[in-house]
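K.L.:
How does the following fold in three dimensions:
(2 chains)
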Protein chains: 2
Amino acid sequence: MPEASPFLLACNRQAAPVTPVWFMRQAGRSLPEFRALRERYSFFELVASAELTAEVTLQPVRRLGVDAAILFSDIVTPLASIGIEVEIKSGTGPVFAEPFAGEADLSRLRPLEPDLDLAPVLDAVRILVQELEVPLIGFAGAPFTIASYFVEGGPSRDYARTKALMLGEPELWGRLLDRLADITIASLRAQVAAGAAAVQVFDSWAGTLHPDHYAAHVLPASKRVFDELADLGVPRIHFGVTTGELLGHLAAAGADVVGVDWRVPLDRAWQRIGDRAVQGNLDPAILGAPWAVVAAEADAVLGAAGGRPGHVFNLGHGVLPGTDPDVLARLVDHVHERTAAR
Amino acid sequence: MPEASPFLLACNRQAAPVTPVWFMRQAGRSLPEFRALRERYSFFELVASAELTAEVTLQPVRRLGVDAAILFSDIVTPLASIGIEVEIKSGTGPVFAEPFAGEADLSRLRPLEPDLDLAPVLDAVRILVQELEVPLIGFAGAPFTIASYFVEGGPSRDYARTKALMLGEPELWGRLLDRLADITIASLRAQVAAGAAAVQVFDSWAGTLHPDHYAAHVLPASKRVFDELADLGVPRIHFGVTTGELLGHLAAAGADVVGVDWRVPLDRAWQRIGDRAVQGNLDPAILGAPWAVVAAEADAVLGAAGGRPGHVFNLGHGVLPGTDPDVLARLVDHVHERTAAR
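P.N.:
Residues are numbered from 1 along each chain as shown, chains lettered A, B, ... in the order given. Below you'll find the model as predicted:
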């Protein structure tokens, strides 16, 4: 069943019966059933339980009718699992107790042993592929974005420490990214072995970089991630925001599908991406406007995609916390109806 | 003297003896002499005093050797001057006591009477043009970015309220932007009448918009700002971040000089901007790297500018608070030395 899914067909640039839809951050944040769980459990209590991880991953599939599920996780989950102290602060993001401060901290990034370190995550994947009628997308961070949190100690506006390390100590930076790439590769390979039908690599903040810096200091590690997943034969999605100037590089890293935020019209983005599928690109803030506006803007995205095979409808970034889940559900139906008629 | 200044020559795309340099946020933040003042005075106490405003504006000119001064202010200063309650919170930005909530709030935006409302600001300009040996740049916000603060109540990650208003109530949105445009025009005309030799319009956050939304809902008001300053005969600079896809629109709004953040290589940006001068575009975070990196990256910006007349060297956004002023001073010298040899 999942093999013929609209989501997998679109990822492979094959004609699909409808344009598939899923939403970044569909699991969590805006769903009342998630908030109810989150009041009882911390983030890491949720991901330490296979049953709770599976439940949170399933919630949006039940409620919204999306064409894919994405494993509920965070990009720092593998680091936490190898003993690096990190907290997910609601409304903020990951905060490290001891940020990366130099070469001595490399050894804290020991190799990931997924069967041991990510046991509940992989159990959740196994539960989910039994329960789901849509494909499950595996979840991991790209080396740059994980490094940025680890170096800054948490979210950053300007990535000043990260960039000073990257440009000032490029050799050490390269070793840091290599270790993080190894962890991402191990995590995603294990998720696919457990049943994930696609993977998404979140390089959410790579768009803070000049394209030349991305090419010199980030692309090699990200390319290795995609290369070392190639033999798995599942679609590999690559995503970040404010990546207008990086889209060609994101494609060159080896992704099958490149995510596009809302700042670049999808047709223009697709030209830069070339011969790959695209995912996006409705501005998540628009979901707070009246429904007629949401529908018109969704139509504009579909119009820019032009009905070509290879478009996965999504937001340009994650669902905002204040989003009405009924609008998300209505949007899924709308995209399906609009594109089924073709 | 200022008429033959490298800064004004570059703004007018004429050959200059050196590539001129100034820094957004050069006044404030990173300078110890500013911090000392800021410990004694609130932001609005500083801008309510012509002498203190002039002093803060002069500090970086003395210390850094930049080719232009920019009036120390904030884009919400005119709103505060007509009685709208707003506070500048250190490390956060403007926070409004009563954000814009609907049509009834339009009347709070009464027309600006610069001679009365901005008396200390204009007195500061008069003091400065006596004291300065470099041109003074007048300072104002563009309608969109001011509106975003007023509608959100403060800084925002996603501009959800702003976009919901813009797309959901476009007629009301248009009236809001028109009132803000009137205020910006009045403020900048008065600053030029008092002696400012150029103006910069900060649309810092316009880059959060899809280009079609910018064109439909923002460009008309910004274009009116630039049109109604045209007869003054001073260079008009237009600036925002993450504007890669908007650069053509920013130029079309009527600017003589378009600012470019660091995400777009300057040569690529200049192609999109066309027949205007450009300003930028070194990543401010790079100033935290070792000097050899800073120098190499500055050279890369100069290389992308290609020695063509019409480049004002600047950062791609404001000076970060942690920046070492000595690095800023050294960077000014470096750009001058590199470009004087041509």
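
K.L.:
what are the ranges of the strands in the stretch 1-150 of chain A?
P.N.:
With strands called from DSSP state E, counting those that start in this stretch, the stretch 1-150 of chain A shows them at A:69-70, A:86-89, A:93-96, A:136-141.

K.L.:
what's in contact with the longest one?
P.N.:
Okay, so that is strand A:136-141. A:22, A:57, A:68-73, A:75-76, A:78, A:125, A:128-129, A:180, A:184, A:187-188, A:191-192, A:195-204, A:237 (C-beta atoms under 8 Å, 6 or more residues apart in numbering or on different chains). Yep, even glycine has a C-beta here, placed from its N, CA and C like the rest.

K.L.:
same deal with the first one?
P.N.:
When contacts are taken as C-beta under 8 Å, 6+ apart, the neighbours of strand A:69-70 outside the stretch itself are A:22, A:24, A:26-27, A:57-58, A:60-61, A:128, A:132, A:134-137, A:139, A:200.

K.L.:
buried subset of these?
P.N.:
Burial by neighbour count, 16 or more other C-beta atoms under 10 Å in any protein chain shown: within the contacts of strand A:69-70 this picks out A:22, A:24, A:26-27, A:57-58, A:60-61, A:128, A:132, A:134-137, A:139, A:200.

K.L.:
near chain B, which residues of the stretch 201-342 of chain A show up?
P.N.:
The stretch 201-342 of chain A comes close to chain B at residues A:207-212, A:242, A:244-245, A:262-265, A:268, A:283-286, A:288-290, A:293, A:297, A:300, A:320, A:322, as judged by C-beta under 8 Å from any C-beta of the partner chain.

K.L.:
so of those, which ones are in helices?
P.N.:
Judged by DSSP state H, these include A:211, A:212, A:268, A:293, A:297, A:300 as members of helices.

K.L.:
so how far is residue B:244 from the third one?
P.N.:
Spelled out, it's residue A:268. In this view, residue A:268 and residue B:244 are 11 Å apart by C-beta to C-beta, to the nearest Å.

K.L.:
neighbour-wise, which of the two wins?
P.N.:
In terms of neighbours (other C-beta atoms under 10 Å in any protein chain shown), residue B:244 is the more surrounded of residue A:268 and residue B:244; the figures are 23 against 15.

K.L.:
For the contacts of strand A:69-70, point out the one with the lowest pLDDT.
P.N.:
Within the contacts of strand A:69-70, residue A:27 has the lowest pLDDT, namely 91.

K.L.:
Tell me the most packed of the ones in helices among the residues of the stretch 201-342 of chain A next to chain B, by neighbour count.
P.N.:
residue A:297 (22 neighbours).

K.L.:
My guess is that one contacts residue A:286. True?
P.N.:
Yes - Residue A:297 is in contact with residue A:286 according to C-beta atoms under 8 Å; the separation is 5.0 Å.

K.L.:
what do the two both touch?
P.N.:
Residues touching both residue A:297 and residue A:286 comprise residue B:167, with contact defined as C-beta under 8 Å, 6+ apart.

K.L.:
sorry, back to before: make JSON lines out of the strands of the stretch 1-150 of chain A and add distance to residue A:48.
P.N.:
Written out in JSON lines, the entries for the strands of the stretch 1-150 of chain A read as follows (distance: least, C-beta to C-beta, whole Å):
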{"stretch": "strand A:69-70", "distance to residue A:48": "19"}
{"stretch": "strand A:86-89", "distance to residue A:48": "12"}
{"stretch": "strand A:93-96", "distance to residue A:48": "16"}
{"stretch": "strand A:136-141", "distance to residue A:48": "15"}
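
K.L.:
and those, which one's lowest on average pLDDT?
P.N.:
Taking each of the strands of the stretch 1-150 of chain A in turn, the one with the lowest mean pLDDT is strand A:86-89, at a mean of 92.

K.L.:
Next, the buried residues of that strand.
P.N.:
Counting neighbours by 16+ other C-beta under 10 Å, one finds that the buried residues in strand A:86-89 are A:86, A:87, A:88.

K.L.:
so the last one makes contact with residue A:94?
P.N.:
It stands for residue A:88. Yes - using C-beta under 8 Å, residue A:88 and residue A:94 qualify as a contacting pair, with a distance of 5.7 Å.

K.L.:
what is in contact with those two at once?
P.N.:
Shared contacts of residue A:88 and residue A:94, defined by C-beta under 8 Å, 6+ apart, are found at A:74, A:76.

K.L.:
what's the following helix or strand after the helix ranked longest in chain A?
P.N.:
Ranked by residue count and defined by DSSP H, the top helix of chain A is helix A:170-194. The element immediately downstream of helix A:170-194 (helix or strand, assigned by DSSP states H and E) is strand A:198-202.

K.L.:
ok now that next one, how far from the chain's centre?
P.N.:
Strand A:198-202 sits 5 Å away from the centroid of its parent chain (C-alpha atoms, centre = their mean, to the nearest Å).
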